[in-house]
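*Asks:* predicted model, plus sequence, below.
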Protein chains: 2
Amino acid sequence: MLRISKLTDYGTLILAHMAGFPGRLHSAAGLAEALGLGLPTVSKVLKTLGRHGLVSSQRGAHGGYVLSRPPSQISVAEVIDALEDQPFGLTECSASTGVCSMENDCRIRDHWLRINSAVRLALQAVALADLVPQQGGASGEHRLHGPPHLANRMTTACLPASRTDDQENRP
Amino acid sequence: MLRISKLTDYGTLILAHMAGFPGRLHSAAGLAEALGLGLPTVSKVLKTLGRHGLVSSQRGAHGGYVLSRPPSQISVAEVIDALEDQPFGLTECSASTGVCSMENDCRIRDHWLRINSAVRLALQAVALADLVPQQGGASGEHRLHGPPHLANRMTTACLPASRTDDQENRP
DNA sequence: CTATACGGTACTAATTTAGTACTTTTTAGC
DNA sequence: GCTAAAAAGTACTAAATTAGTACCGTATAG
């Protein structure tokens, strides 16, 4: 339903948070704390982001993650590409070729391809740096931390969020 | 994952097909046949589209469905609104208010709202008439039927946004 | 050499989506 | 009227996805 998955939402949040501290090393545990997310979940997301080259990792004690590139050089589209399993596209036929037997005869496909491009351009136009309001600094000027609970902010349109109070459903 | 559901995809296909025969009454069975989809499924989609006013129905023997408005006046965004359960929005927080406890503190939310708007605009810009290639023009030759199987053509779509100036590139 | 922290894989559970079945209402045609 | 075609409504079952968790392996600072 035109929604991004929760993990992608978490990823965006994590990266936007990191974008507020350019160059700083963040441990998965620290990020989980700061954002109010579960450690296993944050870990999972960071591993995936690392595999896609959006963050670089430093293993061992005192290790952690850093953005691989300046926040202005990483777009939301890339975050989505990294975290969503399927290739970008509103319809499967617009994401890959050969999945639909109607393909050659389908008059709608070309249009989906165009619609996809438009959507993608819009997403490419937004960089992580744009998601950090008072970012200019670099040091801890923003307060993103705190007891966050965005338990379920993401989803596209959808998520259930369930909770409302502070800690409950966060494992 | 930024994808539209299959039912929405079917709906788009059905409506685009109908758009090729303006004013003509189509029975659910006839459409199912022409598009190679299951009758129960087509019925379900048409009922929903009817409830949202995109098609008008005529009950009883020789009944059927017709587009409620000219194909140029129905946008893809409306089709999505009618068939997707959740309200439009890439993230839940951008679709509704009050679902996320971080809301007031979330710096990312405003951006998601902007991104949503951009995506939505892109979808509103495409009308059913645009999905019927040789339609208004004159040839009435379209052959959309056949054994279709659009098994899963639709899926993710991601969303978009807009921010940076445009670089729109129209593929 | 030990504690910390990332990396990979696999599994289970929950949520969503799709599809189907059955019943009711409406209307054209005999 | 009666009958058949066709939409409308409701509910349920099954399938597919997503989310979250666990566990084990590897690297490194002190």
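*Replies:* Alright, I've got the coordinates. Every value quoted in this text rests on a predicted model; they were computed, and no experiment measured them.
*Asks:* quick one, helices of chain A?
*Replies:* A:6-19, A:28-35, A:39-51, A:76-83, A:92-95, A:109-124 (DSSP state H).
*Asks:* give me the pLDDT for the most far-flung residue of chain A relative to its centre.
*Replies:* If you look at how far each residue of chain A sits from its centre, by CA atoms, centre = their mean, the farthest one is A:Asp105, at 35.7 Å. Note on A:Asp105: pLDDT of 70.
*Asks:* now A:Pro160
*Replies:* Looking at A:Pro160, the pLDDT reads 26.
*Asks:* related to what we said a few turns ago, okay if I get the helices of chain A as a markdown table plus mean neighbour count, distance to chain B and mean pLDDT?
*Replies:* Using the backbone N, CA and C atoms, a C-beta is placed for each residue, glycine as well. Shown next, in a markdown table, are the helices of chain A (neighbours: other CB atoms under 10 Å in any protein chain shown; distance: least, CB to the nearest CB, whole Å; pLDDT from 0 to 100):
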| stretch | mean neighbour count | distance to chain B | mean pLDDT |
| --- | --- | --- | --- |
| helix A:6-19 | 25 | 5 | 95 |
| helix A:28-35 | 19 | 9 | 94 |
| helix A:39-51 | 18 | 14 | 97 |
| helix A:76-83 | 23 | 5 | 96 |
| helix A:92-95 | 25 | 4 | 85 |
| helix A:109-124 | 22 | 3 | 85 |
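*Asks:* okay, the ones you listed in CSV with distance to B:Ile14 next?
*Replies:* Listed next are the helices of chain A as CSV, based on distance: least, CB to CB, whole Å:
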stretch, distance to B:Ile14
helix A:6-19, 30
helix A:28-35, 43
helix A:39-51, 37
helix A:76-83, 29
helix A:92-95, 16
helix A:109-124, 15
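*Asks:* does DNA strand D sit close to stretch A:78-91?
*Replies:* Yes - against DNA strand D, stretch A:78-91 shows contacts by CB under 7 Å from any atom of the strand at A:85-86.
*Asks:* end to end, how far does that stretch reach?
*Replies:* Terminal residues of stretch A:78-91 lie 18 Å apart, using CA to CA, to the nearest Å.
*Asks:* ok, that stretch near DNA strand C or not?
*Replies:* No - contact of stretch A:78-91 with DNA strand C (CB under 7 Å from any atom of the strand) is absent, the minimum separation being 10.7 Å.
*Asks:* pretty sure A:Ser75 contacts A:Ala129?
*Replies:* No - if you go by CB atoms under 8 Å, A:Ser75 and A:Ala129 don't touch, sitting 9.9 Å apart.
*Asks:* show me which residues of chain A are close to DNA strand D?
*Replies:* So chain A meets DNA strand D at A:5-7, A:10, A:38, A:40-41, A:44, A:58-63, A:85-86, A:152, A:155, A:171 (CB under 7 Å from any atom of the strand).
*Asks:* for A:Thr41, give its distance to B:Leu35.
*Replies:* Distance, A:Thr41 to B:Leu35, using CB to CB, to the nearest Å: 41 Å.
*Asks:* meant to ask about A:Leu90
*Replies:* 19 Å.
*Asks:* next one: A:Val42
*Replies:* Counting by CB to CB, the gap from A:Val42 to B:Leu35 is 44 Å.
*Asks:* over to A:Asp9?
*Replies:* Distance from A:Asp9 to B:Leu35, by CB to CB: 35 Å.
*Asks:* what of A:Val55?
*Replies:* As judged by CB to CB, A:Val55 and B:Leu35 stand 45 Å apart.
*Asks:* check A:Leu67 too.
*Replies:* Going from A:Leu67 to B:Leu35 by CB to CB gives 47 Å.
*Asks:* flag every residue of chain A that's near DNA strand C.
*Replies:* A:1, A:26-29, A:43-44, A:46-47, A:50-51, A:57-65, A:158-160.
*Asks:* which other residues reach stretch A:42-57?
*Replies:* The contact list for stretch A:42-57 (CB atoms under 8 Å, 6 or more residues apart in numbering or on different chains) reads A:7, A:10-11, A:14-15, A:18, A:28-29, A:31-32, A:35, A:63-69, A:74, A:78-79, A:81-83.
*Asks:* one more time with 6 Å, if that's ok
*Replies:* A:7, A:10-11, A:28, A:31-32, A:65-68, A:82-83 (CB atoms under 6 Å, 6 or more residues apart in numbering or on different chains).
*Asks:* what's the closest of those residues to B:Thr97?
*Replies:* Among the contacts of stretch A:42-57, A:Tyr10 lies closest to B:Thr97 (CB to CB), at 20.4 Å.
*Asks:* residues touching the closest one, list them.
*Replies:* Neighbours of A:Tyr10 in contact, by CB under 6 Å, 6+ apart: A:37, A:45.
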